[in-house]
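>>> give the three-dimensional model of this entry:
(chains A and B)
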Amino acid sequence: MKVKIRGLVPTKMFPKITSLHTFVLAVLFLTTALTGRALPVSFRSEIAPLLLAQCQGCHGAEKAKGDYRVDSYTELMRAFEEKPPRVQAGKPAASLILQLLSSEEADDRMPQKSAPLGVGQIELVRRWIGEGASFDGDDPNAALVQVIPMRRHEPAPAKYPRPIPITALEFSPDGRELAASGLREITLWNPATGGLVRRIPNMARRTLALAWSPDAKQLVAAGGIPGELGEARVFDPDTGDLLAVAHRSGDVVLDVKYHSIGAMFAVADAENRIAIYNSADFSRRRLIDNHADWVLALAWSPDGKFLASASRDKTAKIFEAKSGEAISTYSGHRAEVFGVAFRADGQQVFSTGRDGKIHVWKAELADTTGKRFGAEKVAELGGLGRAMARPRMVADRLFTHADPGRVRQHDADSRKLLREFNGAGDWVQSLAHHAPGHRLATGGHDGRVLVWDTQTGKLLSEFVASPGR
Amino acid sequence: MSLSRFTLPVLLAAASAHAASRQVSFQHEILPVLTRQGCNAGTCHGSPSGKGGFALSLFAFDAAADYAVLTRDQLGRRVDLFTPSLSLILRKPSTALAHRGGLKLPRDSREYRILRDWIDQGARTDPPGTARCEGIEVTPGTAVVLRWPEPVQHLRVTARFEDGSQRDVTHLAKFTSSDEAIIKVDSGGRVAGRRRGQAAVMVRYLEHVAALPFTLVKPAPGFNWVVPSSANYIDTHVHAKLRELQFTPSGLCSDSEFLRRVHLDLTGMLPTATEAGMFLDDETSVKRARLIDTLLARPEHAVFWAQRWGDLLRVNPARLQAKGVQAMHRWLVDAMASNMPHDRFARALLTASGDTFTNAPANYFRAASSRDDALETTTQLFLGARLACAKCHNHPFDRWTQDHYYGMGAFFHRVQRATVDKKKGGKGEVLVGTASEGEVTHPRTGRTMAPWLPGRGEVSVPKGTDRRAVFADWLTRPDNPWFARAAVNRIWAYVMGRGIVVPVDDFRDSNPPVNGPLLEALARDFAEHGFDRGHLLRVILNSRTYQASSRSTPANAEDRQLFSHYQAHLLTAEQLLDAVCRVTGLAESFDGLPAGTRAIALPSPQMNHAFLKTFGQPSRDTACTCERGSGPQLAQALEFLSGDLVHSKLESGDNRFRKALAAGKSDHEIVDELYLAALSRLPSTEERESARRHIAKSDNRAAALADVCWAILNTNEFVFQH
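Okay, the predicted model is just below:
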């Protein structure tokens, strides 16, 4: 299935991966390629990662120094005006790109102002050009990050040498399990006892957000490797099987939220994008490239028709999920916006930001005349300290957390502070809520998970969510 | 996929392999490294909004915020506790990942290792009770003289901690040269001279800043020091410095040069042709000293120097209203005329209260209309310190911190200003007074700031005492090192054309005086003589240094800062306008002022006078001397070549040479008169001859004389003070 959206790259359906063999083969293949040098240099697995890490920062779609881009194979090979292409297939010595990479003059050398590439890296480029500078993927126009083969991430340590900061935390729909961010894995815990239930490997280095499908058949983990890779991986939470790598980007994926009906989920990444995927086949329904900076958090409206976003570009927005159109923008924080949540009736949105405040604003839609700009503020709640993270809205209760470890519960209508959950010694980096079970879990930077009863305010359990700690 | 796979044995993260035995200190090692590598500079992540979404505090003044940003912010993305080398704060600046700021942290550097070890140890803050750094010492501690052929010096930086311990922090300090053309300093503290001159090396470790003055001596070919006579201690100090750097001072200026120079400096006006003639004819040996005394006593002297203070005190109607301007102008003229001691002058302004129309000094706090303005103005005017940077963050090039800013601000916090407008039965005057309470809150820490004084620390002011009086007491004490220095440097710069510290109101360790002993001696003399401005001027103007020729010699042409020869400079806008009026014999008229008012006597700037604007008359919006434009510009040349003002005065039937023609004077007499009036000297034989020839050729004597006059006005000798 191919869906074309607003002239963007056609989305690819990711194969359901059920066997480890593919990976083993791929790894073997790579190893041979890297050591034996018997095989030709691969653009996808050897050249593209190099371009992505070292060149695309200055020669990408956002910033194209010298009017030259390397963010796809096509761009890399493009001839500019009358000049010959920078890469001349088969002729390494005549290729400007190689001359610039290996220049002795620091002022001429690429990457500029940086340490020169290693001898091995330059040799790789030379061989690739010499071998014909060919493209070994499906779509030469695809962004580098889409072209690089999916990774099999290294296994997690059996025992953690130190507690890992809990940056993502989510209750299973039945409330019996609590999924937490691990090191290259997701860990599942019994929230009542703090016992480790299961480990799901093959996740990227960091997990920054987790989302269960309402039927508990899928667990989506968003994260990546800072500055290098972003992924949203879909796992079978029972078997630990990787079902798909649904989303990829050049920097981390920051949030994921399952739609309440469950047919889709939305992700937000550090390439300023929001994407919505079908949960049946993981095809992309919609790509929203509207924010001017990282999209840090998402929230579905209760009716599932709208998606609110919080961004480092100092705005929060509401999009219509179906069309992907932005219908409202809130810029009252005048600072990075860290989190958003809809009120249960969908009429109001709560957002938190670096200004240390919760802003409450109307979730009204644009009028048909198109005159409306900017959402209307209803109220502002201060005194939070540095508000750091994503609020959670549950029924008529709003939960927020901020440094240093303060978790608060507000009445969503009166905005009155109902309760504080004190006990986290370090910054709370994540928050999970299970409404039917009246459970609230907080994940600390120090690795501690605290589970509370939201009705009584009682601390129920406390554990370090790092295997072996 | 079976679950058994999860139990596969795996290697422990390699991180701990690097572990250093000693705990790396966040405060004392990590923050200095960020400063040293330039991460938190104002142009990079230290800018208010950071770079690439990563914002550090400028030069690490906010340790808590930096710690949060490095370790917790954005879900802790910047450090990797399990494989430290994968941390963004290592991968980016070492350019393992693309970094817009370039290579700042090579993988094989000591700084890289310090950061990596710190992360490896858990990226923790320092344990409670860790001794704070109290200061740094740089060795060698005194001014250093570097000599060819090996002008090299290694610096060592030692930090003192409050528990009495000391540590070598050379590898953590940041070194900057004030003039890379003269000295270079590398990150290891190795200083190498490049050419003859003076420069300072600034050393920063945390908020502690030290600066070390360097003198680079390179043998000048054929240098042969012939001891010139010294008129007073000024010459002694200037000569000592010149000798050290192997420059020879120029000889004395001619009588006519001195005459013109000293008239302009003391009265702002050219000497009249008569005065010039009399002085040049005078044969007594003490005539220069006598002229200085005479001019100091002239009312024009008071008027001209009142204008200089008027600039700094922002005496303009937009701030003070016309009545306030008048009051302030009169007060300043009186203060100058009576030679009011500088300490009394400062105190009168700083402690003034009451009605700004009737009690002129109160206008000080009308012009400085807020606490911060009053603080910044006061420190700039009377301490020679620019504190504005420290409002938002610690001063990047000086020892002033944000705490100092708000601590000193406490002295001005209670000043109140109430405008009495028509509705309240007044005419727009402002009543200045002080409240009996009110404290400054530090905007970052939220602390209540006690009044704080440099060199004294926090001071307690008894209830009911005007805090400003306490400040003034401290300021004007004879042993206050800043007050006298700032004052003498300003006065010196006015008459010498260049300060001993440049800019005159930017005293910093990192901006040392070009001649420290000279500045000290002047300041001491000034304080010992009761801050007597007249005395100081007399000493300076009688020095050989002041009276040196403006012509350089091959042995001092390279010097522009040590006063080996007089630095010629453009006349001020007002001086120049008055000079044109004087030469042409035609007064200028100004809006709303009596006919014959000279430009140097204007109580406030003429807002729409094209000539004055072109030549840099300030509109008096700031307390900075720099507001007065001093650099030559094309528009200025055009003003003389073809400007309306000069043209109309040359065309006027009432001007000097047309009147002289009407009175039947000869060409010779008229040309002599023009030269005397404009240049305070008689024309040379050639000049006289070429003027004569030009007039003879013409069939219109008046027009020909206008040409001669125009030519004189267009000489550098006329528009420059030399």
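
>>> what's around the nearest residue to A:Asp446 once chain neighbours are set aside, how many residues?
Distances taken as Cβ to Cβ, 6 or more residues apart in numbering or on different chains place A:Asp426 nearest to A:Asp446, at 3.9 Å, with adjacent residues excluded. C-beta here means a position set from N, CA and C on the backbone, and glycine is covered the same way. By other Cβ atoms under 10 Å in any protein chain shown, 18 other residues sit near A:Asp426.

>>> now A:Asp426: phi and psi?
Main-chain torsions, A:Asp426, degrees, to the nearest 10: phi -110, psi -180.

>>> check B:Gly534 too.
phi -60, psi -40.

>>> which residues touch it?
Taking Cβ atoms under 8 Å, 6 or more residues apart in numbering or on different chains, we find B:Gly534 in contact with B:Leu296, B:Asn339.

>>> roughly how far does it sit from B:Met340?
With distances taken as Cβ to Cβ, to the nearest Å, B:Gly534 is found 10 Å from B:Met340.

>>> same deal with B:Arg551?
According to Cβ to Cβ, B:Arg551 and B:Met340 sit 37 Å apart.

>>> neighbour count winner among those two?
B:Met340 (18 against 15).

>>> report the separation between that one and chain A.
To chain A, B:Met340 is 50 Å away according to Cβ to the nearest Cβ, to the nearest Å.

>>> setting aside sequence neighbours, what's the nearest residue to the residue nearest in space to the middle of chain B?
The centroid of chain B falls nearest to B:Pro503 when counting by Cα atoms, centre = their mean (2.4 Å). Once flanking residues are discounted, B:Pro503 sits nearest to B:Cys626: 6.1 Å by Cβ to Cβ, 6+ apart.

>>> can I take it that B:Ala276 is in a helix?
Yes. Assessed with DSSP: H, G, I helix; E, B strand; the rest coil, B:Ala276 lies in a helix.

>>> phi and psi next, for the residue nearest to B:Pro503.
phi -70, psi -10.

>>> and what of B:Ala348?
Per degrees, to the nearest 10, the backbone of B:Ala348 is at phi -60, psi -40.

>>> surely it meets B:Ala360?
No. Between B:Ala348 and B:Ala360 there is no contact under Cβ atoms under 8 Å: 9.0 Å.

>>> so between the two, which is more surrounded?
B:Ala360 (26 against 18).

>>> so B:Arg693: helix, strand or coil?
Strictly by three-state DSSP, B:Arg693 counts as helix.

>>> need phi/psi at the residue nearest the centre of chain A.
Nearest to the mean C-alpha position of chain A, counting by Cα atoms, centre = their mean, stands A:Val253 at 0.8 Å. Main-chain dihedrals, A:Val253, degrees, to the nearest 10: phi -90, psi 130.

>>> distance check, the residue in the stretch 101-250 of chain B that chain A sits nearest to against A:Lys91.
Residue nearest to chain A within the stretch 101-250 of chain B (Cβ to the nearest Cβ): B:Gly102, separated by 2.7 Å. Going from B:Gly102 to A:Lys91 by Cβ to Cβ gives 30 Å.

>>> repeat for B:Gly277
In terms of Cβ to Cβ, B:Gly277 sits 87 Å off from A:Lys91.

>>> ok, these two, which is more surrounded?
A direct count of neighbours by other Cβ under 10 Å for B:Gly277 and A:Lys91 places B:Gly277 higher, at 16 against 13.

>>> which outside residues touch stretch B:116-133?
With contact meaning Cβ under 8 Å, 6+ apart, stretch B:116-133 is reached by A:162, B:15-16, B:18-20, B:23-30, B:67, B:70-71, B:79-81, B:84-85, B:87, B:89-90, B:159-163, B:165, B:205-206, B:208.

>>> repeat that for stretch B:417-435.
Applying Cβ under 8 Å, 6+ apart, the set of residues contacting stretch B:417-435 is B:321, B:323-324, B:352-358, B:362, B:365-366, B:369, B:414-416, B:466-468.

>>> tell me how many other residues crowd the residue of the stretch 251-400 of chain B found nearest chain A.
Scanning the stretch 251-400 of chain B for the residue nearest chain A gives B:Cys392, at 16.8 Å (criterion: Cβ to the nearest Cβ). Neighbour count for B:Cys392, taken as other Cβ under 10 Å: 13.

>>> just checking, it touches B:Trp400?
No. Using Cβ under 8 Å, B:Cys392 is not in contact with B:Trp400, being 12.0 Å away.

>>> residues contacting the residue of the stretch 351-500 of chain B found nearest chain A?
Minimum separation of the stretch 351-500 of chain B from chain A (Cβ to the nearest Cβ) falls at B:Gly446, amounting to 12.3 Å. Applying Cβ under 8 Å, 6+ apart to B:Gly446 gives no contacts.

>>> and the pLDDT at it?
The score at B:Gly446 is 87. That number is its pLDDT.

>>> repeat that for A:Pro10.
At A:Pro10, pLDDT is 37.

>>> do B:Thr142 as well
Reported pLDDT for B:Thr142: 82.

>>> what helix or strand is it located in?
Per DSSP states H and E: B:Thr142 is located in neither a helix nor a strand.

>>> phi, psi for B:Phe518 please.
Small correction: residue B:518 is Leu, not Phe. Dihedral pair for B:Leu518: phi -60, psi -50, per degrees, to the nearest 10.

>>> could you find the closest non-adjacent residue to it?
Distance criterion Cβ to Cβ, 6+ apart; nearest residue to B:Leu518, sequence neighbours excluded, is B:His237 at 3.9 Å.

>>> just A:Arg343 next, same as before
Using Cβ to Cβ, 6+ apart, the closest residue to A:Arg343 is A:Ala412 (5.1 Å).

>>> so the one you found touches A:Leu398, yeah?
Yes. A:Ala412 lies in contact with A:Leu398 (Cβ under 8 Å); the separation is 4.8 Å.
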